[in-house]
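Undergrad: sequence first, then the predicted structure:
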Amino acid sequence: MPSIHLFSFSIKTILSFMSQLQKRQIAIIGGGPGGLALARMLQLGDKTNQYSIKVYERDADANVRIQGGPLDLHEDSGQIFIDKAKLRSEYEKVARVEGGFYSLYTQDHDKVWEKAVPQHPETDRNDLRMLLVNSLNPDTMEWNKHLIKIEPKGHGYYLHFKNQSPVYCDILIGGDGANSKVRNYIAPHVQPTYSGITVIQGNILHPEQQCPDLQHALNHGNIWSCGQGGRCFSMQEKGDGSLIYYISLRVDEDWIDKTHGVDYSTKDPETFRRVALSICENFSKIYLDAIKSTDSFILRKSYGLIYRSTLDTRWNDFGNEIDRPAITLVGDAAHVMPFFGGVGVNNALMDSVELAEEIFNDSHPNLLAAFFAYEKRMIDRCISAAQWTEKMEDNFHDPEDNIRAMTRAFIGFGPMELNERWKYLMD
């Protein structure tokens, strides 16, 4: 009997292995929102079990903390994905409705208006990642996979990872961010360009002790303080109670080096504190005290793949004229843009919805046709998103009157409680 049991197990193993060999291997590079969301949509949509899906992420494991502030998933994009991915109940456990509270102040901390936008709840980036990772089939995620080379082989690709054996795939999808190696393989001359905005990001771990007055004004949501010359101080609260803020201004790309002698690779917090205090020297003490008590800083230059141009111009070498095996891009790899429009992750999630729809659309003669159809939809959608982002970036940093520009931009997002002395802005 033991020999029969072992023989039976061996047959099952062989059949399972043969089944895997017959499936088309889809490799998604990058475990960001776009890549993870696509994996979820593909696994839900693969009714005939024809694909084997792997997500290769360079982070060591799921516990690596993601930099950046909370995200608000929009009803017309990110939350469409949530529903199509059948993740509504899981999403509502981590989405904070109170995070959809917005207030605008002057640099003197004079409140201009406030408003609640409950349809835009906030979600921490790590919470969104874990929600998506936990929604995938076991063994989908491959952590600690740092892609260094893509090698075409027949109708597919060999993927070479740092210090690891190569992996073959039939279909390659790049969701590996603004500095995408997959995009660089397809069209190495297409690179993000500087948007004109430099950002210093600050993180405050214990705001109830370090800046209690500003934490109270924040009211668990978002503050924008617009200063003279188009300078802006923006702050958000994370789910753990810590605060993240951004000091942004329109300057030449090398301004912070030429003016303050700060190299882009600098990590010294005191150097950034000095620069941040200089930029905000005319702001209220409540903001200066927050800067003085900040735990860590990051210098971020705002880049866009489609900034001040149309996306189809940037994508004109990704289309039918290229003779390539099945390969495409999602998320920032395809259309990174500055964060001032709040549409980056929302577009990445919509990429996953539309790409999956086209892959499972039986009217396409082949997978390449499905990719072209997806790219057309993505381009049309992201041109509009880029135009909105450019408009919002201009509003935040309007050198003449960013208070008026921001007020007019947000009038359409539900009721606004405008302080009496600022009602002239509506004229």
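TA: Nice, thanks for sending it over.
Undergrad: for the helix or strand hosting M392, buried residues please.
TA: Element membership for M392, per DSSP states H and E: helix 367-396. By 16 or more other Cβ atoms under 10 Å, the buried positions in helix 367-396 come out as 367-368, 370-371, 373-375, 377-379, 381-383, 385-386, 388-390, 392-396. All C-beta spots, glycine's among them, are computed from the backbone N, C-alpha and C.
Undergrad: and if you look at stretch 186-195?
TA: Applying 16+ other Cβ under 10 Å to stretch 186-195 flags I186, V190, P192, S195 as buried.
Undergrad: check stretch 294-305 too.
TA: Counting neighbours by 16+ other Cβ under 10 Å, stretch 294-305 gives T294, F297, I298, L299, R300, K301, S302, Y303, G304, L305 as buried.
Undergrad: next: stretch 402-412.
TA: In stretch 402-412, counting by 16+ other Cβ under 10 Å, buried: N402, I403, R404, A405, M406, T407, A409, F410.
Undergrad: quick revisit: quick one: which of the buried residues of stretch 186-195 sit in strands?
TA: Residues of the buried residues of stretch 186-195 located in strands (DSSP state E): S195.
Undergrad: make JSON lines out of the buried residues of stretch 186-195 and add distance to L73 and pLDDT.
TA: JSON lines is the format used below for the buried residues of stretch 186-195 (distance: Cβ to Cβ, whole Å; pLDDT from 0 to 100):
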{"residue": "I186", "distance to L73": "28", "pLDDT": "89"}
{"residue": "V190", "distance to L73": "28", "pLDDT": "84"}
{"residue": "P192", "distance to L73": "24", "pLDDT": "90"}
{"residue": "S195", "distance to L73": "23", "pLDDT": "92"}
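Undergrad: which of the buried residues of stretch 186-195 lies closest to L205?
TA: Nearest to L205, judged by Cβ to Cβ, of the buried residues of stretch 186-195 is S195 at 29.1 Å.
Undergrad: who's in contact with that closest one?
TA: By Cβ atoms under 8 Å, 6 or more residues apart in numbering, S195 lies in contact with S302, Y303, G304, Y307, P338, E393.
Undergrad: how close does it sit to D240?
TA: According to Cβ to Cβ, to the nearest Å, S195 stands 30 Å off from D240.
Undergrad: same question, C169
TA: C169 is 37 Å from D240, by Cβ to Cβ.
Undergrad: of the two, who's got more company?
TA: C169 (25 against 8; other Cβ atoms under 10 Å).
Undergrad: residues contacting the more buried one?
TA: Q25, I26, A27, K54, G156, Y157, L159.
Undergrad: follow-up on the earlier one: other SSEs contacting the helix holding M392?
TA: strand 296-304, helix 311-314, strand 327-329, helix 332-335, helix 344-359, helix 402-410 (3 or more Cβ pairs under 8 Å, 6 or more residues apart in numbering; DSSP states H and E).
Undergrad: got these as a markdown table, with distance to H146 and mean pLDDT columns?
TA: Shown next, in a markdown table, are the helices and strands packed on helix 367-396 (distance: least, Cβ to Cβ, whole Å; pLDDT from 0 to 100):
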| stretch | distance to H146 | mean pLDDT |
| --- | --- | --- |
| strand 296-304 | 21 | 90 |
| helix 311-314 | 26 | 65 |
| strand 327-329 | 19 | 94 |
| helix 332-335 | 16 | 94 |
| helix 344-359 | 21 | 98 |
| helix 402-410 | 40 | 93 |
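Undergrad: quick one: closest of those to L38.
TA: Using Cβ to Cβ, the nearest of the helices and strands packed on helix 367-396 to L38 is helix 344-359, at 3.9 Å.
Undergrad: gap between that closest one and the chain center?
TA: 13 Å (Cα atoms, centre = their mean, to the nearest Å).
Undergrad: what's it packed up against?
TA: Against helix 344-359 (3+ Cβ pairs under 8 Å, 6+ apart) you get helix 33-45, helix 78-84, helix 332-335, helix 367-396.
Undergrad: how about the CA coordinates for it, as PDB?
TA: The C-alpha coordinates for helix 344-359 follow below in PDB (Å, rounded to 0.1, in the frame of the first residue of the first chain):
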ATOM      1  CA  GLY A 344      -1.300  58.400  -9.800                       C
ATOM      2  CA  VAL A 345      -2.500  55.400  -7.800                       C
ATOM      3  CA  ASN A 346      -6.000  55.800  -9.100                       C
ATOM      4  CA  ASN A 347      -4.800  55.500 -12.700                       C
ATOM      5  CA  ALA A 348      -2.600  52.500 -11.800                       C
ATOM      6  CA  LEU A 349      -5.600  50.700 -10.400                       C
ATOM      7  CA  MET A 350      -7.700  51.600 -13.500                       C
ATOM      8  CA  ASP A 351      -4.800  50.200 -15.700                       C
ATOM      9  CA  SER A 352      -5.300  46.900 -14.000                       C
ATOM     10  CA  VAL A 353      -9.000  46.900 -14.700                       C
ATOM     11  CA  GLU A 354      -8.700  47.900 -18.400                       C
ATOM     12  CA  LEU A 355      -5.700  45.600 -19.200                       C
ATOM     13  CA  ALA A 356      -7.500  42.600 -17.700                       C
ATOM     14  CA  GLU A 357     -10.600  43.400 -19.600                       C
ATOM     15  CA  GLU A 358      -8.700  43.500 -22.900                       C
ATOM     16  CA  ILE A 359      -6.700  40.300 -22.100                       C
END
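Undergrad: returning to what we had before: rebuild the helices and strands packed on helix 367-396 as a markdown table, extending it with distance to R273.
TA: What follows is these, written out as a markdown table (distance: least, Cβ to Cβ, whole Å):
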| stretch | distance to R273 |
| --- | --- |
| strand 296-304 | 7 |
| helix 311-314 | 37 |
| strand 327-329 | 38 |
| helix 332-335 | 29 |
| helix 344-359 | 28 |
| helix 402-410 | 24 |
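Undergrad: fine by me, thanks again.
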